[in-house]
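Undergrad: here is my input; please provide its structure:
(2 chains)
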2 protein chains.
Amino acid sequence: MAKKSDSARKIQAIYYFGQAKTEGDLSLKSSLGGKGANLADMTGIGLPVPPGFTITTDVCARYYENEKKLPADLMPQVRANVATLETELSKKFGHKVNPLLVSVRSGAAVSMPGMMNTILNLGLNDDTVVGLAEATGNRRFAYDAYRRLINMFGDVVMHLEHSQFEHAFDKIKKKYKVTLDTDVPEDGMVELCAAYLDLVKKHAGKPFPQDPYRQLELSIEAVFGSWMTSRAVRYREVEGIRGLKGTAVTVQSMVYGNMGDDSGTGVAFTRNPSTGENKFYGEFLVNAQGEDVVAGIRTPLPVDTMPQWNKKVYQQLLQIKKKLEEHYREMQDIEFTIERGTLFMLQTRTGKRTGAAAVQIACDMAKEKLIDEKTALLRVPANSLTQLLLPSFSPEGKKSANVLTTGLPASPGAAVGQLAFTAAEAVKRTLAGEKVLLVRKETSPEDIDGMHSAAGILTSTGGMTSHAAVVARGWGRCCVAGAGSVIIDEQARKVKIGNKTFTHKDTISIDGATGEIMEGAVATQQGQLSRSFQKIMGWADQHRRMAVRTNADTPEDAKRARDFGAEGIGLCRTEHMFFEGDRIIAMREMILAESPETRQKALAKLLPFQRKDFIGIFTAMKGFPVTVRLLDPPLHEFLPHDAKGQAEVARNLGVSAKVVKERVEKLHEANPMLGHRGCRLSVTYPEILQMQVRAIVEAAIECRQNKIDAQPEIMIPLVGMATEIAHLRKLSEATIDQVRKEKKFSGKLEITVGTMIEIPRAALIANEIAPFADFFSFGTNDLTQMTFGFSRDDINSFLPDYLKSELLPEDPFQSLDTSGVGQLVEMAVQKGRGVKKGLKCGICGEHGGDPASIAFCHTVGLDYVSCSPFRVPIARLAAAQAALRQS
Amino acid sequence: MAKKSDSARKIQAIYYFGQAKTEGDLSLKSSLGGKGANLADMTGIGLPVPPGFTITTDVCARYYENEKKLPADLMPQVRANVATLETELSKKFGHKVNPLLVSVRSGAAVSMPGMMNTILNLGLNDDTVVGLAEATGNRRFAYDAYRRLINMFGDVVMHLEHSQFEHAFDKIKKKYKVTLDTDVPEDGMVELCAAYLDLVKKHAGKPFPQDPYRQLELSIEAVFGSWMTSRAVRYREVEGIRGLKGTAVTVQSMVYGNMGDDSGTGVAFTRNPSTGENKFYGEFLVNAQGEDVVAGIRTPLPVDTMPQWNKKVYQQLLQIKKKLEEHYREMQDIEFTIERGTLFMLQTRTGKRTGAAAVQIACDMAKEKLIDEKTALLRVPANSLTQLLLPSFSPEGKKSANVLTTGLPASPGAAVGQLAFTAAEAVKRTLAGEKVLLVRKETSPEDIDGMHSAAGILTSTGGMTSHAAVVARGWGRCCVAGAGSVIIDEQARKVKIGNKTFTHKDTISIDGATGEIMEGAVATQQGQLSRSFQKIMGWADQHRRMAVRTNADTPEDAKRARDFGAEGIGLCRTEHMFFEGDRIIAMREMILAESPETRQKALAKLLPFQRKDFIGIFTAMKGFPVTVRLLDPPLHEFLPHDAKGQAEVARNLGVSAKVVKERVEKLHEANPMLGHRGCRLSVTYPEILQMQVRAIVEAAIECRQNKIDAQPEIMIPLVGMATEIAHLRKLSEATIDQVRKEKKFSGKLEITVGTMIEIPRAALIANEIAPFADFFSFGTNDLTQMTFGFSRDDINSFLPDYLKSELLPEDPFQSLDTSGVGQLVEMAVQKGRGVKKGLKCGICGEHGGDPASIAFCHTVGLDYVSCSPFRVPIARLAAAQAALRQS
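TA: So this is what the prediction gives:
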């Protein structure tokens, strides 16, 4: 034990920042937290930062190791740092005359807005409040500061109900007949402090601590304690934040934006976080503390109106913006306060932004030579591109839309849904398949789940930097905030907008780009892609090694994917082609056939349809490969399971309903996922494969004859044994040869035959399969199902519990499980290429559009990824990022 | 090409055996076939073998490589060997005076009885038949031989219908007013030859070849051709015979058992192939050719009656028996012929035998010092022990049984079933779930499928060495042969026995040990185990490294398994315990519970039942470990799926039927195999695990207090992630500690916690799982399902096609797929032991009772196998054999 605390003591527990000395910088982010490191860093580059010191995250870790007790040697070090602060500022902590007041803030290495607790005005007590009143000549301000301290301390450290403080405040306001906090007179504030102190004593069972060092110690403990509250844990869960030691605590001398009309406070971004425009962007409030802006209680002014109030400060802010961006080479999110005309920087951090803004900023900064092209590419979170590709409202829809009112355009996108009034309701109804908008006065961290579920978020109070706005932008979720004319009655589940009332059954539409709130469901359209987006995509294409293909089953999808930059089709599912019109009748006739001959007859009817489909797809994808997967699903999927549907099929096919029913029953399987499907169908019904291959070959020949460069690749699904692919490859090749002969086509016609690797066994014996396969395409959906033993259709009965108790870090169908499923993928690539050098390998499961999975695919050496058309740009960028990160 | 045939020529194509020289021996079995090698070998040790020569299997392979043409250099070599033969025997091939006659027989390296074609009397033609008549002084015999040649040659080489020859024969018999072949006079035979020759010319379109060398060449080709007939291919399939080059052809000088009453022919085993008794055992026919015995047309005499006919020959046979066994150190199956009082050996090979005989013979030969203990162990096919363990009829059942008639006890066992009249019918009805007896006059290789399907086989003609008897014994299938009073009308699907008639709907019982045929279903009982069996088991236990446990869920099963030598329970399934009486009500109450509290209440009712079960099992297995698997199946399996059943449950539990129905619907899964089951249940409902662990611990403590050495092992099923086992191990250990505290039990109580490895991912990340597992138990049933992507419940829709087209060598649920599933098993063992040295590993899937799979388990270093009680002896023997084969 002695040894352990010795070694622990070696790590510096506290880092000072100020004119006296600045001990930390950005490199210590994991110890000082983002906020602490930035404050030290800002101080280091000469920005006006109120001095203070940061207690490291290691101390937080020791706090938890030590059964939630502060290390014994901490407070003496805190006192030493406070002494330095006192000297620098010529103030005294806990002294009646000119008292030093400090804030205590949390800050982990990763920003977690609104999650951790903050206490301001520490050092005030019944004595020092008098001193502060005298020093500032503003008694009302001093008691306002004191009541805020008691309130926050009571809240955060002593765990009192916030409503109790509100209730006491309301009483005072009533007494003085005012509605706004700012209108409460000096005496009212003094009375309020007394009332708050009584309240604390009554409800906490012990008085508010008058000893400033006791206040400080308890506050530090409270910040550490807040690291493991369920909402903080949940936030980290939702955001996928892992591996942190804890939170740091920054103790900083107070400055005040609420010392009068020459004071103020604000938050800003060095560039527009919604669009990326290179323009200082933010909000400020005159005579207010920072919390007032973030909490969204008062609606702040846009920062570009500041010159009208204080031109000098605005100029200073613009200079700081420049300095910060040159230093950090990133868009910054800052907090500042003006105390009696003097500007202080309270915080800077990398600003959250929308996908569009990320693209614009990366592009602009590269143009401005702040960063290079590679850095620009790495700056855009690939997934955030979804936001650019998200729908907006169509101009036609907009033209006829009834705009009820307008709020702040807090997070772009278009959302349509019925109204949900609580987070829980939003979660429940979304799970039930509804599309809902979460409608709240303002959101809080407790609402995270509901916000994540909802199609969009609408708040009636709060600004562009309110909780709802910040969180929604981070996710690319559409959000309209601060729509004051939306009157929400949560209890009655009703919303009044103007003279119209909407209930949970009514649908409205919100435009996150304009703030408009519209009645009913307004028509949406695909996202518009900016020039910067095209530039980023161009850079990405230069840096990636892997090709990006798409999963598309129709000429339309193929065309759209090409517009998005797809370089081929990695998965063309043929089963969807059998559902339209007459096709399904012929398909059912085929399934009901009793002999190969009658089956062939029915298949002959399907042939022209299939051939036509392929001609369309090959034409849309000319010059690029098209991987056609042969019929995969179990046949019962093509037959109706209800008596009425079966009767209709029977009528259509001229058989008895009993025959249809019996066939459906015969096709029933206990576990269809593991049943008679995939290449197993081709083994038992070779006629199906023969028809499909014939359609492919005939289509390819027709294309070639029309000078269209068709490049079909035949993909055999669900192979688990070398014998399967050997057998079916032979069958396919025989059909190819036969069709060539029939068509007397002697031109170039390279049709390759490969397989999906989607059964664990196929990966295990890939060296046996490779000799018969021209390519491997990893079907990671099924591979995940079988490797985990998870049925995707059934996983929801236990997945939520698994995610909640962290047994699974994330849904393995969303992001590839690299250690299990990925191990099989890597094994198959190595074993396959071990016997066939340069074997083409790709992925066509849905993981092909997930950036983390794409990075893995790059690492194990896949040649391409294939994903839905919509995710092609994401895949292009993610592939480039993977290549850049590896090199 | 030139090069190829050069190198081919280097391999000797023909091996001579006789007094002149003997070129081959047993070591050339793969080239000479079993028959050829044995004839050479027998000649080598001085037995009276008619001389001849063998064309190797390599020539057969060249025949197929060469598009079914004999190598050009073959016939010259044949002529050279014939010349040697002529010299040795002082006869001339194709010569009028004293002509040399030969047989042509097939023979692969592995015996395939009845599968390959044989032609006798080659060298006869219109000229030589006259010479033969003169040389033997027996014109009838000569023409009888000639008509046999024409018949067989027509059949086998020229592919005429056998019935056409029969028809011609019948005509002659009619003409001479006789019924038996042997009664046809000399002139009749001459006429028959003429009729046969006409018949050949008419139906084959070309005459019977008169040139003996042409006869020989065509016959050799026909033997080679028969290697790939569908029935030969099918036989190899059923028997799992693979990797052979082809068949050899043995050309041997003829000897005749049908030269009169001083001649005869027979087949015999050096020991009883049914019981293993060390007694010369067989049958012979006077004045007959060998075919007459095997085909079962005439019923032969037991060989021990031979002294009454020719004492000298019988003594000679006994000496040969001794010589053969001393030479081969194995029980032999011989064919012999007595030509005018002189004994000739035609064939010897290792004799097929029943499991009981295998055990007895191995034991006896070890006692007789013919072989050592290890060889004895390796001599008993482990799977053949099933036959010893197969049911026989109970004495009570027998006492009251109505014995209709008695046939030959051809293959032991007791079979009960409805009557099937064709092989196809037997296959179809067995697949439909019926138990049938295949009833045939005599069986032929075409019946293989049906014989394999049927519960038992009954024939009305043919002896102990008939096709039916030999094949059935090889499989351990119960068979009664040659029951002459059973009159079969295949067309009418009726059997008459005495004055009773039985149809396909009637059930009868046959006793393969006594030959009795009984009316109705007679009660059966477990097999009785001989003293030799116990001896073999004892030897096996000394030589095996792996322990053998059993899968048992009840004290009764546990006791039976201990009697069979099980050293613990490797899989105790707890779900079966929840179905009896009140338990299922409490179980359903648990499933319908809405909260953890009500669930706990229901579980509390199950606790005493479960504890009692465990006490019973621990007591039965005292001193041995008992691996208890926690609840595994999806909960819906405990609820009825029909409205009536649900209504009853609702009544029992005092809830509405709607509640039950809704719960059933909610529990419905698309793929229950991959659904909410196994440890996933314990994650979502920890109360279930807690109750089960509590029951285990309470039972163990109660046992210990009663001085019963309980050794429970808790097994967590369906683990796929390290987090699962870590979490559930912690939960289990907490429960164990709690119960110990509650019971104030401070004694020794080592309860280990391990996991099943049955999900591919678990094997892949076994190194992550091992730190939390005290043991691994491979659940190869589920592991096979997920590794192949096969649902065991649904596999029959395509498995038959897979086996038929040889895409799969065998059902992977029967015998472990070593290259795929086995790769995962090996990987898991290595990865697990890589982080936890000496980690205990076993198998509890059904493969644990399959000898080939057991050999694999030994190779990869498993510590134990666990199988059904009934297969424990098989596993003990297989484990010993694996150890012996490896060392």
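
Undergrad: leaving out chain neighbours, which residue sits closest to residue A:691?
TA: residue A:603 (4.1 Å; C-beta to C-beta, 6 or more residues apart in numbering or on different chains). For every residue, glycine as well, the C-beta is placed using N, CA and C.

Undergrad: surely the one you found touches residue A:694?
TA: No. Counting by C-beta atoms under 8 Å, residue A:603 does not reach residue A:694; the two are 9.1 Å apart.

Undergrad: who has more neighbours out of the two?
TA: Neighbour comparison, residue A:603 and residue A:694: the larger count goes to residue A:603, with 24 against 20 (by other C-beta atoms under 10 Å in any protein chain shown).

Undergrad: tell me which residues touch the more buried one, please.
TA: With contact taken as C-beta atoms under 8 Å, 6 or more residues apart in numbering or on different chains, residue A:603 is in contact with A:586, A:590, A:687, A:688, A:690, A:691.

Undergrad: switch to 7 Å and redo it
TA: Applying C-beta atoms under 7 Å, 6 or more residues apart in numbering or on different chains to residue A:603 gives the contacts A:590, A:687, A:688, A:691.

Undergrad: ok, residue A:646 next?
TA: Counting by C-beta under 7 Å, 6+ apart, residue A:646 makes contact with A:640, A:657, A:660, A:661, A:664.

Undergrad: in terms of pLDDT, where does the closest residue to it other than its chain neighbours sit?
TA: Beyond its immediate neighbours in the sequence, the residue positioned closest to residue A:646 (C-beta to C-beta, 6+ apart) is residue A:660, lying 4.4 Å away. The predicted local confidence for residue A:660 comes out at a pLDDT of 91.

Undergrad: and the next helix or strand past the helix or strand of chain A with the lowest mean pLDDT?
TA: Of all helical and strand segments in chain A, the minimum by mean pLDDT, DSSP states H and E falls on helix A:2-10, at a mean of 46. Moving toward the C-terminus from helix A:2-10, the next helix or strand (DSSP states H and E) is strand A:14-17.

Undergrad: I figured residue A:667 hits residue A:636, correct?
TA: Yes. Look at residue A:667 against residue A:636 with C-beta atoms under 7 Å: they come within range, at 3.8 Å.

Undergrad: helices along the stretch 301-450 of chain A, start to end?
TA: In order along the chain, the stretch 301-450 of chain A carries the following helices (DSSP state H, counting those that start in this stretch): A:307-328, A:355-367, A:373-379, A:385-389, A:395-400, A:423-431, A:448-453.

Undergrad: for the second one, name the packing helices and strands.
TA: Contact analysis of helix A:355-367 by 3 or more C-beta pairs under 7 Å, 6 or more residues apart in numbering or on different chains; DSSP states H and E lists helix A:373-379, helix A:385-389, helix A:531-543 as its packing neighbours.

Undergrad: what comes into contact with that helix?
TA: A:271-278, A:329, A:331, A:353, A:371-373, A:376, A:379-381, A:384-388, A:412, A:476, A:530, A:532-533, A:535-536.

Undergrad: also near chain B: which of the residues you listed, exactly?
TA: When these are checked against chain B using C-beta under 7 Å from any C-beta of the partner chain, none falls in range.

Undergrad: return the residues of the stretch 551-700 of chain A in contact with chain B.
TA: Residues of the stretch 551-700 of chain A lying near chain B (C-beta under 7 Å from any C-beta): A:669, A:670, A:671, A:672, A:673, A:674, A:675, A:676, A:680, A:683, A:684.

Undergrad: what's the pLDDT at the fifth one?
TA: Residue A:673 is assigned a predicted lDDT (pLDDT) of 94.

Undergrad: Provide a list of residues in contact with it.
TA: Residues in contact with residue A:673 (C-beta under 7 Å, 6+ apart) are A:785, A:791, B:671, B:674.

Undergrad: recalculate using a threshold of 6 Å.
TA: Taking C-beta atoms under 6 Å, 6 or more residues apart in numbering or on different chains, we find residue A:673 in contact with A:791, B:671.

Undergrad: that one in helix, strand or coil?
TA: Residue A:673 carries the three-state label helix when classified by DSSP: H, G, I helix; E, B strand; the rest coil.

Undergrad: show me the strands in the stretch 401-550 of chain A, by range?
TA: In the stretch 401-550 of chain A, the strands defined using DSSP state E, counting those that start in this stretch lie at A:403-406, A:408-411, A:414-420, A:436-440, A:456-459, A:478-481, A:486-489, A:494-497, A:500-503, A:507-511, A:516-519, A:524-525, A:547-551.
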